[in-house]
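1. this one's structure only:
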């Protein structure tokens, strides 16, 4: 033990986050008929640098760069605070009724909100403005949220109608709000996932399972909990390659616009490689290309995601001869006749 800190029985710790050389502790300070949230900042040696007390209930905390994000609620409404490293509140946001159980951040902010009927994952920009929200309406309890490579992971528990207890549950959403992962575990009795942390391709989840034992020689039952930590390896899904082009009736000498339609469920696409089938290539996302001859060409697109996995698609495009301008033949004939009769005198009799 390097150092420790204790608070009075009227205080409880609900979250902790470290960034750089600072440690931030979130707690609840109880007063008669009132509950306040308290944020304390310590250095690595355990010296307190500041503490602030604010109205409301504090549930989650996440320190990043120059901000300390604190989630919770006040007066039945959800709440998210942005506090600078000196303890000043920069802004305060609400996302409707309920509580923000936890908060995580990377290039965006992810919130885990709970109400009496559902939980939701909310994605915000760095200023707390909502980008999208996804709701999970089953009988579910959400405890914590984590961010990894732009994806959001939720740890909690889901009610099982068959066993009539709660099961361990983890959800995963990608940056666009699509549900890309759902894991459950049904033990003999109640199981819950309480916290989740991610490091690269590994996920660690902590929680507990309820255990029941009969006392030897009696009918008495002891109910307890076994605490666990589970480690998962996150398997990267490959991207899906696709494209379209316009116009549909492409012609020689006219630009064909190729549009990328690829996507990556659990990350982002970082590179594009086009082969137009006539010996030319491109690395643009949406290139334009002109064909010099008519015919059928096999166009290939290969995309690579941020984890190095690739996917390809090939399609055949028909390039038609350039259409001649209507009336061009007549104009050419007229020009030729003019040359033949140039300088000749033509007499017309009526």
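-> Arrived safely. Being a predicted model, the structure only gives us computed values, none of them experimental.

2. Domains in the chain, by residue range?
-> For the chain, whose domains are defined here by automatic domain parsing, the residue ranges read 11-233, 243-320.

3. Now do the end-to-end distance for the last one.
-> The first and final residues of domain 243-320 sit 20 Å from each other (Cα to Cα, to the nearest Å).

4. Run the chain-centre distance for it.
-> Counting by Cα atoms, centre = their mean, to the nearest Å, domain 243-320 is centred 27 Å from the centre of its parent chain.

5. ok, now stretch 171-187?
-> Going by Cα atoms, centre = their mean, where stretch 171-187 is centred and where its chain is centred differ by 11 Å.

6. contact partners of that stretch?
-> With contact meaning Cβ atoms under 8 Å, 6 or more residues apart in numbering, stretch 171-187 is reached by 108, 121, 123, 132-134, 136, 150-154, 156, 158, 160, 163, 167-170, 191, 209-210, 232, 237, 265-268. Bear in mind the C-beta positions are built from the backbone N, C-alpha and C, glycine included.

7. which among the residues you listed end up buried?
-> 121, 123, 134, 136, 150-154, 156, 158, 160, 167-170, 191, 209-210, 232, 237, 265-267 (16 or more other Cβ atoms under 10 Å).

8. Report the spatially closest residue to residue 264, excluding sequence-adjacent ones.
-> Ranked by Cβ to Cβ, 6 or more residues apart in numbering and with sequence neighbours excluded, the top spatial neighbour of residue 264 is residue 239, at 4.1 Å.

9. and what of residue 151?
-> Using Cβ to Cβ, 6+ apart and skipping the chain neighbours, the partner closest in space to residue 151 is residue 174 (5.2 Å).

10. Which residues belonging to stretch 34-42 are considered buried?
-> Along stretch 34-42, the positions that meet the burial threshold by neighbour count (16+ other Cβ under 10 Å) are 36-42.

11. any idea of the mean pLDDT in it?
-> pLDDT averaged over stretch 34-42 equals 90, rounded to a whole number.

12. Likewise for stretch 48-65?
-> The average pLDDT within stretch 48-65 is 93.

13. Tell me if residue 45 really is in a strand.
-> No: the secondary structure assignment for residue 45 gives coil rather than a strand, going by DSSP: H, G, I helix; E, B strand; the rest coil.

14. show me the contacts for it.
-> Counting by Cβ under 8 Å, 6+ apart, residue 45 makes contact with residue 3.

15. Let me see the confidence value for it.
-> Reading off the per-residue confidence, residue 45 sits at a pLDDT of 92.

16. Please give me every residue in contact with the closest residue to residue 244 other than its chain neighbours.
-> Nearest residue to residue 244 in three dimensions, chain neighbours excluded: residue 259, at 5.1 Å (Cβ to Cβ, 6+ apart). For residue 259, the residues meeting the contact criterion (Cβ under 8 Å, 6+ apart) are 243-246, 286.

17. Give me the pLDDT value at residue 259.
-> In the prediction, the pLDDT value recorded for residue 259 is 96.

18. how close does it sit to residue 183?
-> Counting by Cβ to Cβ, to the nearest Å, the separation of residue 259 from residue 183 is 36 Å.

19. swap in residue 301?
-> Remark: distance between residue 301 and residue 183 (Cβ to Cβ) = 33 Å.

20. Compare the two (neighbour count), which wins?
-> residue 301 (24 against 15; other Cβ atoms under 10 Å).

21. quick one, strands of the stretch 251-350 of the chain?
-> 255-260, 269-275, 281-282, 288-290, 295-305, 310-320 (DSSP state E, counting those that start in this stretch).

22. now the ones you listed in a markdown table, with distance to residue 15?
-> Formatted as a markdown table, the entries for these read as follows, by distance: least, Cβ to Cβ, whole Å:
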| stretch | distance to residue 15 |
| --- | --- |
| strand 255-260 | 41 |
| strand 269-275 | 34 |
| strand 281-282 | 49 |
| strand 288-290 | 52 |
| strand 295-305 | 33 |
| strand 310-320 | 40 |
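
23. Nearest to residue 21 among the ones you listed would be which one?
-> Of all the strands of the stretch 251-350 of the chain, it is strand 269-275 that lies closest to residue 21, at 32.7 Å by Cβ to Cβ.

24. Averaged pLDDT, stretch 311-326. What do you get?
-> Averaging pLDDT along stretch 311-326 yields 86.

25. in it, what's buried?
-> For stretch 311-326, a neighbour-count test (16+ other Cβ under 10 Å) marks 311, 317, 319 as buried.

26. how far away is the nearest residue in space to residue 36 that is not next to it in sequence from residue 142?
-> Taking Cβ to Cβ, 6+ apart, and ignoring the residues beside it in sequence, residue 36 has residue 29 as its nearest neighbour in space, at 4.7 Å. Distance, residue 29 to residue 142, by Cβ to Cβ: 25 Å.

27. more neighbours, the two?
-> Under the criterion of other Cβ under 10 Å, the comparison of residue 29 against residue 142 puts residue 142 first, with 24 against 18.
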